[in-house]
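Enquirer: build me a model from this:
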Amino acid sequence: MSESKRDYGDFIVLMGLAGFTLWYLLDAIRVSATPQNLLLILPLAVIVLAIIALELILRIKHGSLFRSSEEEPLHKTLPVVGLFAAYVLSLEAIGFDIATVVFLALFLVLKGERNWLLLGGYSVAFGLSVAFFFSQMLPYPMTLLLLPS
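Expert: Residues are numbered from 1 along each chain as shown. Okay, here's the model as predicted:
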């Protein structure tokens with residue numbers, strides 16, 4: 001495998017997660033090393049680091065640590081990330097129900113759906129169902145435009 005074909009993205013994410021976990025653990029120990037403070041933090045940090053180590057070992061064993069991925073390229077992923085950010089920012093302004101329906105419809109368009117009947121039907125049915133479910137299940141009021149609060 002040539003150097004230009006190697007994909008370091010997964011490795012960088014794993015190392016970033018390990019670094020953040022170690023920093024958080026060391027910071028928690030620095031603040032207070034009492035058992036009450038570290039009761040959940042220490043075991044969880046050890047579990048996260050063990051999972052990261054296991055993933056690295058398995059990838060090294062299979063020779064797939066830096067193998068190029070067959071996933072979507074960045075220029076197709078960034079619009080979805082932007083759409084999700086717009087969705088989150090619009091929840092309060094236009095309501096959870098409308099924002100969810102619009103997000104689903106635009107996401108399906110970005111993913112290549114061109115059947116407008118299927119696109120609209122699925123977006124409305126699933127989006128309103130999810131909004132209704134969460135509005136009934138969560139203990140605090142949600143901003144809704146179409147559905148009753």
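Enquirer: against I51, how distant is the residue of the chain most remote from its centre?
Expert: Distance from the C-alpha centroid of the chain, by Cα atoms, centre = their mean, peaks at T34 (32.8 Å). Separation of T34 from I51 (Cβ to Cβ, to the nearest Å): 26 Å. For the C-beta atoms, the positions are set from N, CA and C on the backbone; glycine is no exception.
Enquirer: same deal with V102?
Expert: Taking Cβ to Cβ, one finds V102 at 36 Å from I51.
Enquirer: what of L39?
Expert: Distance from L39 to I51, by Cβ to Cβ: 20 Å.
Enquirer: for the two, indicate the residue with more neighbours.
Expert: Using other Cβ atoms under 10 Å, the more surrounded residue of L39 and I51 is I51, with 13 against 10.
Enquirer: now name the helix or strand holding L54.
Expert: helix 41-62 (DSSP states H and E).
Enquirer: go through whichever helix or strand comes after that helix and flag the buried ones.
Expert: On the C-terminal side of helix 41-62, the nearest following helix or strand under DSSP H and E is helix 74-94. For helix 74-94, a neighbour-count test (16 or more other Cβ atoms under 10 Å) marks 83, 87, 90-91 as buried.
Enquirer: from the contact counts, what lies against helix 74-94?
Expert: Judged by 3 or more Cβ pairs under 8 Å, 6 or more residues apart in numbering; DSSP states H and E, the packing partners of helix 74-94 are helix 96-110.
Enquirer: helices and strands around the helix it packs on, which ones?
Expert: Contacts defined by 3+ Cβ pairs under 8 Å, 6+ apart place helix 96-110 against helix 74-94, helix 116-137.
Enquirer: chain neighbours aside, what residue packs nearest to I98?
Expert: Distances taken as Cβ to Cβ, 6 or more residues apart in numbering place L145 nearest to I98, at 4.8 Å, with adjacent residues excluded.
Enquirer: how about the contacts made by the closest residue to V124 other than its chain neighbours?
Expert: Nearest residue to V124, sequence neighbours excluded (Cβ to Cβ, 6+ apart): V101, at 5.6 Å. Going by Cβ atoms under 8 Å, 6 or more residues apart in numbering, V101 touches 123-124, 127-128, 131.
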